[in-house]
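Asker: My questions are about this predicted structure, shown below with the sequence.
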Amino acid sequence: MITVTDIPAAELEFNAVRAAGPGGQHVNKVSSAIHLRYDVENSSLPPVVKERLLRLRDARVNRHGVIVIKAQNHRSQDQNKREALARLAEILARAQKPTMRRVKTRPTRASVKRRLNIKSRRSSLKRLRDKPLTD
């Protein structure tokens, strides 16, 4: 199992940016939010994990194969950096777990019978709503 601590620091790119949201005048002066960028294609991860990361349906993985995480929940840059690393660890953990194959199943005979009975009852109920035939 690969963790964030196994990733070389040179592969992680941190940028401090100004955070959005409340905070008064302090927000306009301090860059406390963190953008973490991790290039999956040029990383030292095993090819299987890279492939799974790139196949993830996650908005944080862009079309160039770069994971971009913006952490801005905390007022300090250090806490936001830790949060961004925790989110990256979560994505890595999800990518390392193999996906379970779906096993095809068939409905039981009783469930099919129940479904068809319900359909016919509903059909007859709707038939009663029709206007009567006039000769």
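Answerer: Good, I have the coordinates. Note that the structure is a prediction, hence the values are computed from the model and not measured.
Asker: Please identify which helix or strand holds the closest residue to residue 36 other than its chain neighbours.
Answerer: If you skip the residues right next to it in sequence, residue 36 has residue 84 as its closest partner in space, 3.9 Å away by CB to CB, 6 or more residues apart in numbering. From N, CA and C alone the C-beta is placed, and that goes for glycine too. In this structure, residue 84 sits in helix 77-96 according to DSSP states H and E.
Asker: Helices of the chain, residue ranges please.
Answerer: 25-29, 47-55, 77-96, 109-128 (DSSP state H).
Asker: Which among those is found nearest to residue 5?
Answerer: Closest approach to residue 5 among those is made by helix 77-96 (8.8 Å; CB to CB).
Asker: pull the CA atoms of that closest one into CSV?
Answerer: Below are the C-alpha coordinates for helix 77-96, written out as CSV (Å, rounded to 0.1, in the frame of the first residue of the first chain):
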residue,chain,number,x,y,z
GLN,A,77,-1.2,27.6,5.5
ASP,A,78,0.3,24.7,7.4
GLN,A,79,-3.1,23.2,8.4
ASN,A,80,-4.3,23.6,4.8
LYS,A,81,-1.2,21.8,3.6
ARG,A,82,-1.9,18.9,5.9
GLU,A,83,-5.5,18.8,4.7
ALA,A,84,-4.4,18.7,1.1
LEU,A,85,-2.0,15.8,1.8
ALA,A,86,-4.8,14.0,3.6
ARG,A,87,-7.1,14.4,0.6
LEU,A,88,-4.4,13.1,-1.7
ALA,A,89,-3.9,10.1,0.6
GLU,A,90,-7.6,9.4,0.4
ILE,A,91,-7.5,9.5,-3.5
LEU,A,92,-4.4,7.2,-3.5
ALA,A,93,-6.1,4.7,-1.1
ARG,A,94,-9.2,4.6,-3.3
ALA,A,95,-7.1,4.0,-6.5
GLN,A,96,-5.1,1.2,-4.9
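Asker: Many thanks, we can stop here.
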